[in-house]
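Enquirer: Sequence first, then the predicted structure:
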Amino acid sequence: MHKNTICIWFDTDAEEAARFYAATFPDSRVTAVRRAPADYPSGKAGDVLTVEFTVAGIPCLGLNGGPAFRQTEAFSFQIATDDQAETDRYWNAIVGNGGAESACGWCKDRWGVSWQITPRVLTEAMAAGGDQARRAFEAMMTMQKIDVAAIEAARRG
């Protein structure tokens with residue numbers, strides 16, 4: 001067991017979400033599905049209670065805890081992409097599977113988990129600081145899915 005694991009609360013779909021993440025992102029997999037040994041407030045003995053999985057190498061635990069808590073943008077996965085094709089692939093997988101677009105490279109999957117699909121060119125522009133960062137930031141603020149060519153053009157001025 002890892003020293004630190006991200007625990008994500010789901011209503012009842014932790015296994016479905018984990019399998020989707022494993023199929024969508026490299027270095028991702030489902031490693032264990034644990035069933036409840038007895039009835040609990042939002043489920044019965046034998047229901048899937050927890051799912052151990054990794055997302056892009058990050059260890060996670062999906063907990064089927066019932067409807068008491070909902071996902072918010074206060075937590076998100078940030079996935080770095082190398083080009084527009086990779087950006088499009090992840091964005092389209094999340095949004096096209098019942099998710100929703102948001103702003104500035106953010107989207108939500110069908111379970112309400114937030115994702116930042118962030119091309120490295122944007123991260124590099126922000127790290128460069130100065131006018132490059134300002135121009136890239138201003139361009140990003142007009143986008144939903146990040147347009148790599150537009151960020152590159154903004155960096156150049």
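Expert: Arrived safely.

Enquirer: The residue nearest the centre of the chain: what secondary structure?
Expert: Most central in the chain under C-alpha atoms, centre = their mean is Trp115, positioned 3.3 Å from the mean C-alpha point. In terms of secondary structure, Trp115 is strand; the call rests on DSSP: H, G, I helix; E, B strand; the rest coil.

Enquirer: ok now do it, which residues does it touch?
Expert: Ser76, Phe77, Gln78, Ile79, Tyr90, Ile94, Trp106, Cys107, Lys108, Asp109 (C-beta atoms under 8 Å, 6 or more residues apart in numbering). Placement of C-beta: from N, CA and C, glycine included.

Enquirer: ChimeraX command to pick out the buried ones of the residues you listed?
Expert: Only the buried members of those end up in this ChimeraX selection, burial being decided by 16 or more other C-beta atoms under 10 Å:
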select :76,77,79,90,94,106,107,108,109
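
Enquirer: Would you mind measuring from the residue nearest to the centre of the chain to Ala32?
Expert: Noted for Trp115: a distance of 23 Å to Ala32, by C-beta to C-beta, to the nearest Å.

Enquirer: Which residue ranges make up each domain of the chain?
Expert: Using automatic domain parsing, the domain ranges for the chain come out as 1-68, 71-157.

Enquirer: Can you add mean pLDDT and give the ones you listed back as CSV?
Expert: What follows is the domains of the chain, written out as CSV (pLDDT from 0 to 100):
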stretch, mean pLDDT
domain 1-68, 97
domain 71-157, 98
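
Enquirer: now do the same end-to-end measure for stretch 43-53.
Expert: Using C-alpha to C-alpha, to the nearest Å, one end of stretch 43-53 lies 21 Å from the other.
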